[in-house]
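**Student:** Only the shape, not the letters, is given here:
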């Protein structure tokens, strides 16, 4: 089945195109799922919803508007029925990787569309949000969100994984209460399996 | 000869910034350096009280900045050491009364006359903090062995680095040797591991501090208290002397400290 919605990132904002051959209920479901998994990943950007070649009843349009309002902190939402020609910035699933060569301290935040590699620690109170994977050559003690656009294949790996909170795609996990904090380095990797966040030793 | 300016800051309130400023200033003055303390906590001034100089204030830092008086007129000479001065904060104004650029100029002017200019930063990360760090050559961060204080110290280090104040050093205040021994307190090793900065000194918890603050007599004036010793040692380290870290009764604790130092 061709997906009912597709996304493009342009210099001006996010373009969401609706496949005109989709049944309305499938479209609704796809939109709802996407809104849920995106959480606040699109915060601060403009969103253009391309409904060219689609025909909706007024009531259906209203329903769509209500669903897309669920995108948190999006700057503006524009509906258009003309094809959008803006230049597309290509971000593949595992496209760009950003290297950060320092420790992130409390209050510092990194947000990238691709993968993030950090040489240093993520201290408590610091936050990393990545559309792709997050790899840390150091200790994770802050909050990390990998696959923030809704990618279930994203993973987080660190030399020491003791996050305040770990988010993968739309899943959230936190370490068990009173869990033992070891002094030793122990590389671990977190990923999604069967809809749950799993953590296992990182085999080198 | 231009002096050095340092800011004492912490993020969290109540960890002992003002006490540290009063004691380091007094200790440096006792070592025959010419020192000026600046209270940058406009609206919530305390340093004058801790120094016992409250009743001598005529002009304050806002008067200097607004040119109601000359800088020398606002400086209060300490009652015990003639080479120690205080530039008090205004109590009836707020942090917006001074701009970072004005602080920079003020500290620059003071450095011409003084060996050391020590700035007492307010708690928080807003305008008052920005004012306090504006003229500083380097920063000392005060923290206590509590998770929240260490977290704030970490945030402050990040902000200082962003402002170009590299390599700040940390003072861990209110260490309770008994509690550390029992494992009830964050130990120094953990704190330094998270903050990843150099340790400048440790100050043991001591009820004498409260008494001396209330009386307006910094604890370094007395011979005995360990806390006073600790501040004197930090003052010596500021002047570039190598001083070994204090023994806090407990041998095990000391060995542990030595271990940290050989690591860093």
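**Tutor:** That came through fine. Since we're looking at a predicted model, the values are computed, not measured.
**Student:** Now the residue in chain A that chain B sits nearest to: closest residue in space that isn't a chain neighbour?
**Tutor:** Per CB to the nearest CB, residue A:105 is where chain A lies closest to chain B, at 3.5 Å. For the C-beta atoms, the positions are set from N, CA and C on the backbone; glycine is no exception. Using CB to CB, 6 or more residues apart in numbering or on different chains and skipping the chain neighbours, the partner closest in space to residue A:105 is residue B:158 (3.5 Å).
**Student:** Tell me which helix or strand comes right after the strand or helix carrying that neighbour.
**Tutor:** Using DSSP states H and E, residue B:158 sits in helix B:147-162. Using DSSP H and E, the helix or strand that follows helix B:147-162 in sequence is strand B:169-175.
**Student:** Mean pLDDT per helix and strand in chain A: which one sits at the bottom?
**Tutor:** Across the helices and strands of chain A, mean pLDDT, DSSP states H and E gives its lowest value to strand A:88-89, namely a mean of 60.
**Student:** What residues does the residue nearest to residue A:105 make contact with?
**Tutor:** By CB atoms under 8 Å, 6 or more residues apart in numbering or on different chains, the contact set of residue B:158 is A:104, A:105, A:106, A:107, A:108.
**Student:** Just read off the phi/psi values of the residue nearest to the first one when sequence neighbours are not counted.
**Tutor:** Spelled out, it's residue A:104. Distances taken as CB to CB, 6+ apart put residue A:126 closest to residue A:104, at 3.9 Å, once the chain neighbours are dropped. Here is the backbone geometry of residue A:126 (degrees, to the nearest 10): phi -90, psi 160.
**Student:** Report the contact partners of residue A:126.
**Tutor:** A:104, A:105, A:106, A:107, A:108, A:109, A:142, A:143.
**Student:** burial measure for the fifth one, as a count.
**Tutor:** Spelled out, it's residue A:108. Using other CB atoms under 10 Å in any protein chain shown, residue A:108 is surrounded by 22 other residues.
**Student:** From residue A:121, how far off is it?
**Tutor:** To residue A:121, residue A:108 is 11 Å away according to CB to CB, to the nearest Å.
**Student:** Flag every residue of chain A that's near chain B.
**Tutor:** A:103, A:104, A:105, A:106, A:107, A:108, A:121, A:123, A:124, A:125, A:141 (CB under 8 Å from any CB of the partner chain).
**Student:** how about a cut-off of 7 Å?
**Tutor:** Taking CB under 7 Å from any CB of the partner chain as the test, the list of chain A residues beside chain B reads A:103, A:105, A:106, A:107, A:108, A:123, A:124, A:125.
**Student:** Same list, those residues, but as TSV with pLDDT please.
**Tutor:** Shown next, in TSV, are the residues of chain A next to chain B (pLDDT from 0 to 100):
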residue	pLDDT
A:103	94
A:105	95
A:106	93
A:107	92
A:108	93
A:123	95
A:124	93
A:125	92
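**Student:** From those residues, list the buried ones, please.
**Tutor:** Among the residues of chain A next to chain B, the ones that count as buried by 16 or more other CB atoms under 10 Å in any protein chain shown are A:103, A:105, A:106, A:107, A:108, A:123, A:124, A:125.
**Student:** where does the last one fall, phi/psi-wise?
**Tutor:** Here the main-chain torsion angles of residue A:125 (degrees, to the nearest 10) amount to phi 90, psi -10.
**Student:** Hmm, it is touching residue A:104, no?
**Tutor:** No - between residue A:125 and residue A:104 there is no contact under CB atoms under 7 Å: 9.1 Å.
**Student:** Next, the contact list for residue B:173, please.
**Tutor:** By CB atoms under 7 Å, 6 or more residues apart in numbering or on different chains, residue B:173 lies in contact with B:15, B:16, B:20, B:142, B:143, B:144, B:203.
**Student:** Next step: those restricted to strands.
**Tutor:** B:142, B:143, B:203 (DSSP state E).
**Student:** any idea which of these is closest to residue B:215?
**Tutor:** Nearest to residue B:215, judged by CB to CB, of the ones in strands among the contacts of residue B:173 is residue B:203 at 18.6 Å.
**Student:** Show me what residue B:36 bridges to in the sheet.
**Tutor:** Going by DSSP bridges, residue B:36 is paired in beta bridges with residue B:85, residue B:117.
**Student:** Please report the distance of the residue nearest to residue A:104 from residue A:69.
**Tutor:** Distance from residue A:126 to residue A:69, by CB to CB: 31 Å.
**Student:** and what of residue A:25?
**Tutor:** Between residue A:25 and residue A:69 the distance is 19 Å, computed by CB to CB.
**Student:** cool, residue A:14 as well?
**Tutor:** For residue A:14, the distance to residue A:69 (CB to CB) stands at 15 Å.
**Student:** Outline the domain layout of chain A.
**Tutor:** Chain A breaks down by automatic domain parsing into domains covering A:5-89, A:97-201.
**Student:** how much distance is there from stretch B:134-141 to the middle of the chain?
**Tutor:** In terms of CA atoms, centre = their mean, to the nearest Å, the centre of stretch B:134-141 is found 10 Å from the chain centre.
**Student:** For that stretch, could you pull out the residues that count as buried?
**Tutor:** B:134, B:135, B:136, B:139, B:140, B:141.
**Student:** Name the nearest of those residues relative to residue A:131.
**Tutor:** Nearest to residue A:131 out of these is residue B:141 (CB to CB; 34.8 Å).
**Student:** list the contacts for the closest one?
**Tutor:** Per CB under 7 Å, 6+ apart, neighbours of residue B:141: B:9, B:10, B:153, B:156, B:157, B:168, B:170.
**Student:** would JSON lines of those residues with distance to residue A:201, pLDDT and neighbour count be doable?
**Tutor:** As requested, these are exported to JSON lines (distance: CB to CB, whole Å; pLDDT from 0 to 100; neighbours: other CB atoms under 10 Å in any protein chain shown):
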{"residue": "B:9", "distance to residue A:201": "41", "pLDDT": "97", "neighbour count": "31"}
{"residue": "B:10", "distance to residue A:201": "39", "pLDDT": "96", "neighbour count": "27"}
{"residue": "B:153", "distance to residue A:201": "32", "pLDDT": "97", "neighbour count": "29"}
{"residue": "B:156", "distance to residue A:201": "35", "pLDDT": "97", "neighbour count": "30"}
{"residue": "B:157", "distance to residue A:201": "32", "pLDDT": "96", "neighbour count": "25"}
{"residue": "B:168", "distance to residue A:201": "36", "pLDDT": "96", "neighbour count": "23"}
{"residue": "B:170", "distance to residue A:201": "34", "pLDDT": "97", "neighbour count": "26"}
